[in-house]
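Asks: mind folding the following:
(one chain, ligands or ions: 2)
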Amino acid sequence: MDHISDILEGSRTGKSTEIRGWVYRSRASANVAFIVLRDSTGIVQCVASRENFPESRFKEISGLTLESSIVLKGTVVEDKRAPTGYEVKVGDFTIIQRNDNYPITKDLGEEFLLDIRHLWVRSREFTSMMKIRSTIFDATGEYFMDRGFYEVHTPFMVSTATEGGSALFKVPFFGEEVSLTQSAQFYLETLIFSLENVFTISPSFRAEKSRTWRHLTEYWHAEAESAWVDNEGMMQIEEKLIEHVVKRVIEDRSDDLSIMKRDVGRLEKIRAPFDRIRYSGIVKEPEKYGLNIKYGDDLGMEEEREITKRFQKPIFVTHYPAALKTFYHRPDPENEDEILCHDMLAPEGYGEIIGGGERIWEMDVLVKRLKEYGLDEKDYYWYLDLRRYGSVPHSGFGLGMDRLVTWICGLQSIRDAIPYPRTIRRFKP
Ligand code: ATP
Ligand code: MG
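Replies: Ligands and ions are numbered 1, 2, ... in the order given. Just a heads-up that it's a prediction; the model follows:
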C-alpha cells in the first residue's frame, strides 16, 4: 500500500500503485470518471476509463460521492494538468463505504461548521493546520529537551488559583470542591528544587466570559520554570524557543503553509533577539504606537494589536506596573512599583502569546504581597514553603500554544487553531 505522498514525490511514476483514502472531488462523463482522492499525505487525481470496466463497475465509480472511502489500484503517470501533477490510471478498485449527502458543501456559516466540526476537520486547510500544529508541539518539546529541561506533569484538579479566582471552573470532588488548573506554574516552581529546569505542555482552563478571537476556556499551555534564571535570561530562552519552532515549521511544513496561504516571507524574519520595550516607554509616547493611554492603563487586545501591527518580529513588553499583574511577580529592586516581568507579543496585530518573568523568591516580600492581594497565607502554605527552605531566584513563563498556532498559521481566530474549541457557548462536539 502506498501513500499519496509517495506518488507526489515521483517515486512511483510509470509503476503500479495501490492507494486508499477518501473522495475529495469527483466528476464523470460518459467515458471517464475523475476522482481526486485524499489521504493523510495529500491529494491525487485518479482516472477510470469506461473501456477498462464492465458497465456496472464503471457506474459504481463514476457516481462516487464526496468522502466515500475507497481502495484503488492503478498505474502512475506524470500529468501537468492534474491538480497535483500526477495521475493514477485506475485498474481496479474496492469501495469500502459509499456516502449519501455529505453535509459539508461550499459556503456554510461558521456556527454550522462548528456544529459539524467532527467532519470539518477533514478539510484540506484544517488538515494542514493540524499538521503544522503537530510540528509546533513537537518542536517545542524538542527545544526544551535539547536544553536540559525535564518534562513534568502537574495536577489538573487543584485547590489554589494562580491567575485570580474569578475565572475558575469548579468541579465537585467527593463532597468538596476543586477547580480546574489555570496554570501549572506553582507546581513547576516546586519542581525546580530537584530538577532546576522543567517544562510541561498541558491544558489550562479559564472561565473566560468574553468570546474573543484569542480566548478559549480550555487551551494548551506550554510552561517552563528555571532556577537561577532572571527576567532577561528567561526572555532569551523564550525568543530562541520561538525562533526554533518557526524554523522547524518552515523546514517541515512549507507545503502546508502554502495550502493555508501563509506568507512564509514573514515567518522567515523571525530570528532572535526580539526587541525589549518597557511598559513605561510605551506610555511615555503612546502616539508612536497608535495608542491613547496613560501610565497605569493595561494593554488589552486592542492596544496590543495597534502596537504589534508596527513590528515584523515578536517584541517583549517588560516592567509592567505591579498593579496590572498578579501577586507573585518580583518587584524591580530599582523601582519597587514595577515588576520584573514580560509579555511576548506576536507581530502583525496578534499580540500576547507569552507571559513570564521573575517570581518573588524572598519570604517577606511574598507574605507582604499576599496580604496586599487579600489572599490567605494558609491557602499558600506549600508555595510559601519554597521560600522557607533553600529558596533561589527563579523565573518562568507560560506560552499559549493555540495562540502560537493562530499566529504561525496566520489565522483570524483561535477557534481555527484547535480541532474542538471550547468557548463560553460551545462544548459540543
Ligand atoms: P490575556 O490578557 O490575553 O487574557 P493573560 O495575561 O490572562 O492573557 P497569562 O495568564 O499570562 O494570560 O497566560 C499565559 C499565556 O497563556 C498567555 O500569554 C496566552 O498566550 C495564553 N492564554 C491565556 N489565556 C488564554 C485563553 N483564554 N485562551 C487561550 N490562550 C490563553
Ligand atoms: Mg499575561
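Asks: neighbours of residue 288, how many?
Replies: Using other Cβ atoms under 10 Å, residue 288 has 11 neighbouring residues. (Glycine included, C-beta is placed from N, CA and C.)
Asks: for residue 91, same thing?
Replies: The burial count for residue 91: 15, using other Cβ under 10 Å.
Asks: how about it, secondary structure?
Replies: Classification of residue 91 using DSSP: H, G, I helix; E, B strand; the rest coil returns strand.
Asks: tell me which stretches of the stretch 151-300 of the chain form helices.
Replies: Ranges of helices within the stretch 151-300 of the chain are 185-195, 231-252, 254-259, 264-268, 279-284, based on DSSP state H, counting those that start in this stretch.
Asks: closest one to residue 395 among the ones you listed?
Replies: Evaluated with Cβ to Cβ, the helices of the stretch 151-300 of the chain place helix 231-252 nearest to residue 395, the distance being 4.0 Å.
Asks: is the closest one positioned near ligand 1?
Replies: No - contact of helix 231-252 with ligand 1 (Cβ under 6 Å from any ligand atom) is absent, the minimum separation being 10.8 Å.
Asks: can you name every helix or strand that that helix contacts?
Replies: Secondary-structure packing of helix 231-252 (3 or more Cβ pairs under 8 Å, 6 or more residues apart in numbering; DSSP states H and E): helix 124-146, strand 218-227, helix 264-268, strand 315-318, strand 341-346, strand 351-358, strand 394-400, helix 401-409.
Asks: that helix relative to helix 124-146, how many degrees between them?
Replies: Orientation check (axes from the mean of the first three to the mean of the last three Cα atoms, to 10 degrees): helix 231-252 against helix 124-146 gives 130 degrees.
Asks: for the helix or strand of the chain with the lowest mean pLDDT, list every residue counted as buried.
Replies: The helix or strand of the chain with the lowest confidence, counting by mean pLDDT, DSSP states H and E, is helix 110-115 at a mean of 90. Neighbour counts over helix 110-115 (16 or more other Cβ atoms under 10 Å) mark 113-115 as buried.
Asks: got those as JSON lines, with distance to ligand 1 columns?
Replies: JSON lines is the format used below for these (distance: Cβ to the nearest ligand atom, whole Å):
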{"residue": "113", "distance to ligand 1": "20"}
{"residue": "114", "distance to ligand 1": "16"}
{"residue": "115", "distance to ligand 1": "21"}
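Asks: distance between the next helix-or-strand element following the least confident helix or strand of the chain and the chain's centre?
Replies: Proceeding N to C from helix 110-115, the next assigned helix or strand is helix 117-120, under DSSP states H and E. Here helix 117-120 is found 18 Å from its chain centre; the criterion is Cα atoms, centre = their mean, to the nearest Å.
Asks: what residues does the chain have near ligand 1?
Replies: Residues of the chain lying near ligand 1 by Cβ under 6 Å from any ligand atom: 163, 206, 208, 215-216, 219, 221, 352-355, 398, 400, 402-403, 414.
Asks: re the thing from before, Throw the helices and strands packed on helix 231-252 into JSON lines and include mean neighbour count and mean pLDDT, thanks.
Replies: Listed next are the helices and strands packed on helix 231-252 as JSON lines, based on neighbours: other Cβ atoms under 10 Å; pLDDT from 0 to 100:
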{"stretch": "helix 124-146", "mean neighbour count": "18", "mean pLDDT": "98"}
{"stretch": "strand 218-227", "mean neighbour count": "23", "mean pLDDT": "98"}
{"stretch": "helix 264-268", "mean neighbour count": "13", "mean pLDDT": "97"}
{"stretch": "strand 315-318", "mean neighbour count": "23", "mean pLDDT": "98"}
{"stretch": "strand 341-346", "mean neighbour count": "25", "mean pLDDT": "98"}
{"stretch": "strand 351-358", "mean neighbour count": "23", "mean pLDDT": "98"}
{"stretch": "strand 394-400", "mean neighbour count": "24", "mean pLDDT": "98"}
{"stretch": "helix 401-409", "mean neighbour count": "25", "mean pLDDT": "98"}
